[in-house]
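# Got a predicted structure here, sequence first:
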Amino acid sequence: MLKVNGISITFNPGTVNEKKALDRLSLHVKPGDFISIIGANGAGKSTLFNAVSGTFYTDEGTITLDGKDITLMPEHKRARIIGRLFQDPMLGTAPDISIMENMALAAGKGGWLSILSNKEKADFKDRVALLEMGLENRMSQPVRLLSGGQRQALTLLMATYHAPKLLLLDEHTAALDPATAEKVLEITRQVVAENRLTCLMITHNMQNALDLGNRTLMMNRGKIIYDVEGEERKGLTVRDLLERFKSKVGEELDNDRMLLSD
Amino acid sequence: MGVILPLLQTALELGLTGGLTVLALFLSYSMLNVCDLSTDGCFTLGAAVGAVVAIAGHPYLSILAAMGAGILSGLITAVIQTKMGVDSLLAGIIVNTGLYSINIAIMSGSSILNMNKTDTVFTKMKDLLKGTFLNDQYKLIVILFAVILVCVFLALFLKTRLGLAIRATGNNPAMVKSSSINPVFTTIIGLCVANAFTGLSGCLMAQAQKSVDINIGTGMVTIALASLLIGRTFFGKRKIPVQIVGAVIGAFIFRLVYTIALRLNMPAYMLKLVSSVIVILAIFLPYLKTRYPMLRRRLGILSGRKKGGDSHAEG
């Protein structure tokens, strides 16, 4: 599925701020994997996502997705096969255009000069109705009038419209209030299960990291320091994770937003 | 009545001709969020190319040529800012400067071209309307026709997938990329279309006044921005077709106020100062509104304290 082979990236090379954000990192993701990723501040979690989705190119190493080398593919082309959600709910939608029009851009059907048909409009409305947020009655309203949770749910719908080969979730519920976060997480579970999506999810919620998915990665200083799945993962507690971190790194896990429990 | 009608007519003709440039900025500034400072040069380019082709005996072709020249100019501005790492404001200024030389070259080294005896779309319309009751309205009819055509085109264009992508590019380029669309592409198309309108605007302005001089476009970007922002205060966050009409009405209001001011003996050279002040006010007033609560608190603290007190009001 996704094969990341020895990728590195260094920010601000040759300056005092030089930082090796990814250090010959390798990762093999199997089809249908739902992987949660945890790690300290600056561990390189988001950088890994940026590298995979093409926000920037790596200094070395290769990335292949479904047998296709995407190492040097531009970001907007990768977006056809990789869906992504950010922590900031504002990033995934265009605020001044309507829900309908945002959906139309995500769907990307028809030629450049095509105009939405009634059939497409009905389809978008049906899909938005699945969120059960009442947004289907506000299709012509600009997205800026939506709450953060509503925008994030809509972004999820847009990112998965074409069932991407890979879905990247970068703490996508972290900026939401607990109830909304739970709702968006529930929708995420549904969408991922229905489309059998392969998914990577960064989270600061250690319990979520263990509850969701089938595999958990722990990152530190641009490397994966702990990779657990199957039987070993089933028995793990948050305390175990923290101890693993300490034994691997030799210091306490330090993340200012880390939730040790829920 | 005898004074008001010609006054209205002048404001309508000039307002609508410049209105085409306002529509161009509506696309580039309001939709794409790019302040295209090559507008002045592109306006003159349209005027020069249109004049040269018309003088060569092709009044209809002159319109297409001016728009084509505008597209080319927009393409260059867009490529410089999206592919060559030049800041978008700087790209506009650079192209504007370069166009000065090109425009004089197009006019064969002269800075003025005369079209007194040239066949233009206006003279053609004048001939067509000879003897009818619309005899004196030939200018207005040509310009109105062009403005309506551009408005309808723009309203339809912005509803297409490409148009939506252009609007989203000005709104959230990251989201455009996530939708598998290259924002470089949408920026290039947007600027090409916008500058086609600017070129058309310059061409019609020159042919209406039967002459081009190299300074015909100077200050157009500020005048058009002033018109756009006037339109926005009345028709701001409405639906797109309303905003488009609002932009044209803004251009008319701007010219009307200016024409009236001329009647009241304001010297003609004040036009550009007036447009500058309008742009500043149109941007400053909404800004002041957001700052007002803080300013009021600060003033309240200052006045409630004796001189020489400490400066808690800082920040």
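Okay, I see it. Model, not experiment: these values are computed from the prediction. Numbering: from 1, shown residues only, chains lettered A, B, ... in the order given.

# Please count neighbours and contacts with C-alpha atoms only from this point.
Will do.

# Now residue A:185: closest residue in space that isn't a chain neighbour?
Once flanking residues are discounted, residue A:185 sits nearest to residue A:173: 7.1 Å by C-alpha to C-alpha, 6 or more residues apart in numbering or on different chains.

# what sits against that neighbour?
By C-alpha atoms under 8 Å, 6 or more residues apart in numbering or on different chains, the residues touching residue A:173 are A:87, A:181, A:182, A:184, A:185.

# Those in helices, which ones?
In helices, defined here by DSSP state H, the members of those are A:181, A:182, A:184, A:185.

# Can I get the contacts of residue A:173 in TSV including pLDDT and neighbour count?
Shown next, in TSV, are these (pLDDT from 0 to 100; neighbours: other C-alpha atoms under 10 Å in any protein chain shown):
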residue	pLDDT	neighbour count
A:87	90	18
A:181	88	18
A:182	89	13
A:184	88	22
A:185	89	17
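
# Determine which two of the residues you listed are furthest apart.
The largest separation in the contacts of residue A:173, counting by C-alpha to C-alpha, is between A:87 and A:182 at 14.4 Å.

# so who does the residue in the stretch 201-315 of chain B positioned nearest to chain A touch?
In the stretch 201-315 of chain B, no residue comes nearer to chain A than residue B:237, which is 9.0 Å away by C-alpha to the nearest C-alpha. Residues near residue B:237 by C-alpha under 8 Å, 6+ apart: residue B:243.

# Contacts for stretch B:197-209 next, please.
Applying C-alpha under 8 Å, 6+ apart, the contact partners of stretch B:197-209 are B:14, B:17-21, B:23-24, B:39, B:42-51, B:62-63, B:66-70, B:115, B:120-122, B:139, B:143, B:150, B:212, B:216-217.

# which residue ranges form the strands in the stretch 1-150 of chain B?
B:112-114 (DSSP state E, counting those that start in this stretch).

# The stretch 151-300 of chain B now?
Applying DSSP E, counting those that start in this stretch to the stretch 151-300 of chain B gives strands spanning B:211-213.

# returning to what we had before: ramachandran angles for the residue of the stretch 201-315 of chain B closest to chain A?
phi -90, psi 50 (degrees, to the nearest 10).

# Look at it and report its pLDDT.
Looking at residue B:237, its pLDDT reads 76.

# try residue B:270
83.

# what's around the nearest residue to residue A:213 once chain neighbours are set aside, how many residues?
Nearest residue to residue A:213, sequence neighbours excluded (C-alpha to C-alpha, 6+ apart): residue A:34, at 4.4 Å. Neighbour count for residue A:34, taken as other C-alpha atoms under 10 Å in any protein chain shown: 24.

# Was I right to think residue A:34 contacts residue A:193?
No. At 9.8 Å, residue A:34 does not count as touching residue A:193 under the criterion of C-alpha atoms under 8 Å.

# Quick check: residue B:183 touching residue B:177?
Yes. Counting by C-alpha under 8 Å, residue B:177 is a contact partner of residue B:183 at 6.7 Å.

# Give me the nearest residue to the residue in the stretch 151-262 of chain A that chain B sits nearest to, chain neighbours excluded.
Closest residue of the stretch 151-262 of chain A to chain B, C-alpha to the nearest C-alpha: residue A:159 (7.6 Å). In space, and not counting its chain neighbours, residue A:159 is closest to residue A:83: 4.8 Å by C-alpha to C-alpha, 6+ apart.

# in the stretch 51-200 of chain A, which spans are helices?
A:75-78, A:99-107, A:118-129, A:148-159, A:178-195 (DSSP state H, counting those that start in this stretch).

# can you tell which of the ones you listed is closest to residue B:244?
helix A:99-107 (18.4 Å).

# how far does the closest one sit from the chain's center?
20 Å (C-alpha atoms, centre = their mean, to the nearest Å).

# Contacts made by that helix with the rest, please.
Against helix A:99-107 from outside (C-alpha under 8 Å, 6+ apart): A:93-94, A:116, A:121, A:124-125, A:138-143, A:158-159, A:161-162, B:161, B:164-165, B:176, B:178-179.

# Please list only the buried members of the residues you listed.
Buried members of those, counted by 16 or more other C-alpha atoms under 10 Å in any protein chain shown: A:93-94, A:116, A:121, A:124-125, A:138-139, A:141-143, A:158-159, A:161-162, B:161, B:164-165, B:176, B:178-179.

# what residues does the stretch 101-250 of chain B put near chain A?
B:157, B:159-165, B:167-168, B:171-172, B:174-182 (C-alpha under 8 Å from any C-alpha of the partner chain).

# how does it look with 6 Å?
With C-alpha under 6 Å from any C-alpha of the partner chain as the criterion, the stretch 101-250 of chain B meets chain A at residues B:160-162, B:168, B:171-172, B:175, B:177-182.

# Show me where chain A dips below the pLDDT cut-off.
For chain A, applying pLDDT under 70 flags the ranges A:254-262.

# Quick one: the helices in the stretch 51-200 of chain B, in order.
Here the stretch 51-200 of chain B has its helices, by DSSP H, counting those that start in this stretch, at B:59-83, B:88-106, B:121-129, B:138-157, B:161-171, B:173-178, B:183-209.
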